[in-house]
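**Student:** sequence and computational prediction follow.
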Amino acid sequence: MADEADLAFDSEQRYLNHALATRGQRSRILQPMGSCHHCGNTDGIADRLFCDVDCASDWEYEHSLRSRLGLPAATALH
């Protein structure tokens, strides 16, 4: 029977695998523009696509949902 540490490790591995799988997709679609592609934050972004993991996850969720529904990609915030 798995204990809490095993469950946490499994959860972390699933998250990491998902992040690595979608990393290539994001880099083909997006290019650094000096602001976060999700929220538009410009503080300390420089050559990154997103300001933090939360924005990256939110963008990924919205992008995949739009793709599944056949909607056009959202325009980046400026």
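**Tutor:** Sure, I can see it. If you're wondering where the values come from, they're calculated on a predicted model, not measured in any experiment.
**Student:** use CA for all of it now, contacts and neighbours both
**Tutor:** Will do.
**Student:** pull up the gap between the residue nearest to residue 43 when sequence neighbours are not counted and residue 59, please.
**Tutor:** The shortest distance from residue 43 to any non-neighbouring residue, by C-alpha to C-alpha, 6 or more residues apart in numbering, is to residue 35 (7.6 Å). Per C-alpha to C-alpha, to the nearest Å, residue 35 is found 13 Å from residue 59.
**Student:** residue 15 too?
**Tutor:** Plainly put, residue 15 is 15 Å away from residue 59 if you go by C-alpha to C-alpha.
**Student:** those two: who's more crowded?
**Tutor:** Neighbours around residue 15 and residue 59, counted as other C-alpha atoms under 10 Å, are more numerous at residue 59. The numbers are 19 against 12.
**Student:** and the more buried one, which helix or strand is it part of?
**Tutor:** Under the assignment given by DSSP states H and E, the secondary-structure element containing residue 59 is helix 53-69.
**Student:** what is the mean pLDDT for that helix?
**Tutor:** Averaging pLDDT along helix 53-69 yields 89.
**Student:** quick check: which ranges of this protein have low pLDDT?
**Tutor:** 1, 20-28, 75-78 (pLDDT under 70).
**Student:** list the contacts of the spatially most central residue of it.
**Tutor:** Compute the mean C-alpha point of the chain, and by C-alpha atoms, centre = their mean the closest residue is residue 56, 2.7 Å away. Residues in contact with residue 56, defined by C-alpha atoms under 8 Å, 6 or more residues apart in numbering, are 38, 49-50.
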